[in-house]
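Engineer: here is a sequence together with a model predicted from it:
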Amino acid sequence: NAGVTQTPKFQVLKTGQSMTLQCAQDMNHEYMSWYRQDPGMGLRLIHYSVGAGITDQGEVPNGYNVSRSTTEDFPLRLLSAAPSQTSVYFCASSYFSAGNEQFFGPGTRLTVL
Amino acid sequence: DQQVKQNSPSLSVQEGRISILNCDYTNSMFDYFLWYKKYPAEGPTFLISISSIKDKNEDGRFTVFLNKSAKHLSLHIVPSQPGDSAVYFCAASADFGNEKLTFGTGTRLTIIP
């Protein structure tokens, strides 16, 4: 039981490049979410999903896309990276809602130059 | 607009004494609250939660108190141990089944041996 896994751990992009942050969970959780953590800002919700095929926007969705084709996977796509997207990104999952205990992945540290 | 505030960025406490971490919120729709703990280079882990129908919830050394009229909650750790040194995030949701969680900015707790 691996829990929530995220790849890559670190990534450096140039402005304008695109990439996908991978997230997978093996706990059969319905709810999955993406957060970004910035100094002095706490964790902010980017997008979330309450089940396969269902996604919605969080607090800071601009510049990011998500899809949920399976229960296990919830990738986050950066369409055209900007320096403002330099951050640490966390994926999380829970049984059915944000209020459930969420299990977090180890994070991806992204730097956009 | 920071709806969940942790006004103390850092706190140092002697080992064996009580640690008290504070959190204030502004959104009166919030009625379910959680605390997460985060070690460096790891994802946050769930610690304890409380519903607005209660004013106290205990789990071992950890107790969360909720004062709804003051829109204030606090996490008490007693006795404090070196392994408690971490960043603590307060989070709030409109209800247990809600899809969105709003985090505070975090408090870095250091336990002095």
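Structural biologist: That came through fine.
Engineer: please count neighbours and contacts with C-alpha atoms only from this point.
Structural biologist: Fine.
Engineer: quickly note the distance from the residue of chain A found nearest chain B to A:G99.
Structural biologist: Residue nearest to chain B within chain A: A:G42 (3.8 Å; C-alpha to the nearest C-alpha). Using C-alpha to C-alpha, to the nearest Å, we find A:G42 at a distance of 17 Å from A:G99.
Engineer: ditto for B:K38
Structural biologist: Look at B:K38 and A:G99: by C-alpha to C-alpha, they are 18 Å apart.
Engineer: so between those two, which is more surrounded?
Structural biologist: Each of B:K38 and A:G99 has its neighbours counted (other C-alpha atoms under 10 Å in any protein chain shown); A:G99 has more, 24 against 19.
Engineer: correct me, but B:Q81 touches B:I18?
Structural biologist: No - counting by C-alpha atoms under 8 Å, B:Q81 stays clear of B:I18, with 9.6 Å between them.
Engineer: burial of B:F33, as a residue count?
Structural biologist: Neighbours of B:F33 using other C-alpha under 10 Å come to 24.
Engineer: picking up where we left off before, the more surrounded of B:Q81 and B:I18?
Structural biologist: Between B:Q81 and B:I18, counted using other C-alpha under 10 Å, the more crowded position is B:Q81 (20 against 15).
Engineer: and the residue of chain B found nearest chain A, which helix or strand is it part of?
Structural biologist: Closest to chain A within chain B is B:T105: 3.8 Å, counting by C-alpha to the nearest C-alpha. Counting by DSSP states H and E, no helix or strand carries B:T105.
Engineer: could you find the closest non-adjacent residue to it?
Structural biologist: A:G42 (3.8 Å; C-alpha to C-alpha, 6 or more residues apart in numbering or on different chains).
Engineer: distance of that neighbour relative to B:P44?
Structural biologist: 11 Å.
Engineer: okay, those two: which has more neighbours?
Structural biologist: B:P44 (25 against 22).
Engineer: hang on, the more buried one packs against B:Y36?
Structural biologist: Yes - here B:P44 lies in contact with B:Y36, judged by C-alpha under 8 Å, at a distance of 5.9 Å.
Engineer: for these two, list the residues in contact with both.
Structural biologist: The contact sets of B:P44 and B:Y36 do not overlap (C-alpha atoms under 8 Å, 6 or more residues apart in numbering or on different chains).
Engineer: what parts of chain B come near chain A?
Structural biologist: Chain B has residues B:32-34, B:41-46, B:89, B:93, B:95-106 near chain A, with proximity defined as C-alpha under 8 Å from any C-alpha of the partner chain.
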